[in-house]
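Novice: Compute the structure for the input listed below.
(one chain, ligands or ions: 2)
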Amino acid sequence: MSYRDFSKPYTEKELQEQRQMFRALPTFKEACINSSDVPALILGMRWQRTPEQVFAYQEYVNTAMGGTLTEESFVDIIQGLQRTSNFVRVLAVDADKDKDGLISADEFEQILKVLVVSDPRLTGKSYADFVAEADTNKDGAVDIEECVAWILEHAPNSRASSVERD
Ligand SMILES: [Ca+2]
Ligand SMILES: [Ca+2]
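Specialist: Ligands and ions are numbered 1, 2, ... in the order given. Modelled structure (predicted):
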């Protein structure tokens, strides 16, 4: 099974398939699922997440949504993921000024300037920390894909900026 590329918009057909997948989950009842189905849901979305992240979403549904997720919220979430991913990708590609596909220290500074506006906790983040956290294939450099994944994980509020770009 391959993971979905969330930079691509959902087609009507794919949205229908996602709704059917949602409705086929074990706890589905009256257009809602229980938080216990969140791991199966993330699998059905083909969303690349660590077990810790899956657990965090489950906790989020439990604490912020009263333990259930509605089908309409689910559709909002997957479409929101696509918009956020597009914004973040544009940000990373724009920042790569020398177009070598890698994010250098000065290119990272440009990205950070944008991110701290919505995520002030990132203020003062060093390039060394960024490389340590983002370089998932451990080749010592951060490419565009690694950068996109890092932003989505470490700057959750970048979602707000993506709405302004719609
Ligand atoms: Ca570069
Ligand atoms: Ca790398």
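Novice: so what's the residue nearest to E72 when sequence neighbours are not counted up against?
Specialist: Closest residue to E72 in three dimensions, ignoring its sequence neighbours and counting by CB to CB, 6 or more residues apart in numbering: A31, at 7.5 Å. Heads up, the C-betas are built off the backbone N, CA and C, glycines and all. By CB atoms under 8 Å, 6 or more residues apart in numbering, A31 lies in contact with 70-72.
Novice: Tell me where this protein is predicted with low confidence.
Specialist: 1, 159-166 (pLDDT under 70).
Novice: tell me which parts of it are close to ligand 1?
Specialist: Residues of the chain lying close to ligand 1 by CB under 5 Å from the ion are 96, 98, 100, 102, 104.
Novice: okay, now the fourth one: neighbour count?
Specialist: Other residues near L102 come to 16 when the count uses other CB atoms under 10 Å.
Novice: What's the local residue count around the closest residue to it other than its chain neighbours?
Specialist: Spatially, and ignoring its direct neighbours in sequence, L102 is nearest to A141 (4.8 Å; CB to CB, 6+ apart). A141 has 15 neighbouring residues, counting by other CB under 10 Å.
Novice: which secondary structure element contains A141?
Specialist: Using DSSP states H and E, A141 sits in no helix or strand.
Novice: need the contact list for it.
Specialist: 102, 131, 135.
Novice: So what are the structural domains in the protein, by residue number?
Specialist: Annotated domains of the chain cover 12-80, 96-160 [automatic domain parsing].
Novice: for those, which one sits closest to F87?
Specialist: Closest to F87 of those is domain 96-160 (CB to CB; 6.8 Å).
Novice: quick one: that closest one to chain centroid distance?
Specialist: Taking the mean of its C-alpha atoms, domain 96-160 sits 14 Å from the chain's own mean (CA atoms, centre = their mean, to the nearest Å).
Novice: if you look at that domain, does any of it touch ligand 2?
Specialist: Yes. Legend: contact between domain 96-160 and ligand 2 by CB under 5 Å from the ion is shown at 135, 137, 139.
Novice: Could you identify which of the residues you listed has the most neighbours?
Specialist: D135 (16 neighbours).
Novice: Of all the residues in the biggest helix by length in the chain, which ones are buried?
Specialist: Secondary structure of the chain per DSSP state H: the longest helix is helix 71-95. Using 16 or more other CB atoms under 10 Å as the test for burial, helix 71-95 gives 71, 74, 78, 81-89, 91-92, 95.
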